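**Student:** model the structure of this input:
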Amino acid sequence: MNLEEEPIGRRGFASVVAAAVLAVPFVAPLVAAARTLLPGPGSAKKPRSALRLGEIPAGSPVSYRLRYEDIQGAYRQEVERLVFLRRTDDGVLALGAECTHAGCNVSFDADKKEFVCPCHDGGFDLDGQPAYGPPKSPLRRFAVTTRGDDEPVLIEV
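**Tutor:** Predicted structure coming up:
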């Protein structure tokens with residue numbers, strides 16, 4: 001093993017610099033594609049603040065527009081999602097408002113005590129289970145964390 005290294009010289013240095021400069025146009029698009037396609041740090045599910053627990057009535061659901069920024073790589077999007085919150089014996093139930101049949105927003109019919117979809121006459125019970133019409137899957141459920149009556153409920157989306 002030779003402990004003494006030979007100096008690189010002008011010609012060798014120029015070759016290394018030229019190779020690095022010529023590699024940039026090939027490497028830069030790969031880096032950009034990776035940043036766009038790979039999930040960013042904000043893409044994981046996160047708890048988002050909603051109503052305070054004391055503002056959610058027992059029994060009947062209340063609607064809430066959840067607003068947050070979703071980050072997927074270099075792509076950022078402002079999201080607004082309608083959810084229904086209902087106090088139960090076990091805590092708070094958070095249901096998505098998108099019908100599982102065609103994606104229309106459901107509304108709550110207080111007289112019938114059910115969620116109804118205006119698009120294809122579908123219905124869901126208070127727990128989000130399909131009751132009649134074309135929907136076969138329940139409304140989406142979100143994990144909820146509560147910390148006290150005066151604290152906001154956290155919905156994981």
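**Student:** when you work out contacts or count neighbours from here on, use the C-alpha atoms and nothing else.
**Tutor:** Will do.
**Student:** list the residues that contact the closest residue to L51 other than its chain neighbours.
**Tutor:** Excluding the flanking residues, the one nearest L51 by CA to CA, 6 or more residues apart in numbering is P152, at 5.2 Å. For P152, the contacting residues are 49-53, 146, by CA atoms under 8 Å, 6 or more residues apart in numbering.
**Student:** which strand in the chain runs the most residues?
**Tutor:** The longest strand of the chain (DSSP state E) is strand 75-88.
**Student:** name the residues of that one that are buried.
**Tutor:** Within strand 75-88, the residues that count as buried by 16 or more other CA atoms under 10 Å are 82-87.
**Student:** check stretch 122-133 too.
**Tutor:** 122-131.
**Student:** now do the strands in this structure.
**Tutor:** 47-52, 62-72, 75-88, 91-96, 107-109, 114-117, 122-124, 130-132, 141-145, 152-156.
**Student:** make JSON lines out of the ones you listed and add distance to A32.
**Tutor:** Output for the strands of the chain, formatted as JSON lines (distance: least, CA to CA, whole Å):
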{"stretch": "strand 47-52", "distance to A32": "29"}
{"stretch": "strand 62-72", "distance to A32": "13"}
{"stretch": "strand 75-88", "distance to A32": "12"}
{"stretch": "strand 91-96", "distance to A32": "34"}
{"stretch": "strand 107-109", "distance to A32": "42"}
{"stretch": "strand 114-117", "distance to A32": "42"}
{"stretch": "strand 122-124", "distance to A32": "44"}
{"stretch": "strand 130-132", "distance to A32": "44"}
{"stretch": "strand 141-145", "distance to A32": "33"}
{"stretch": "strand 152-156", "distance to A32": "30"}
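**Student:** that concludes my questions; thank you for your assistance.
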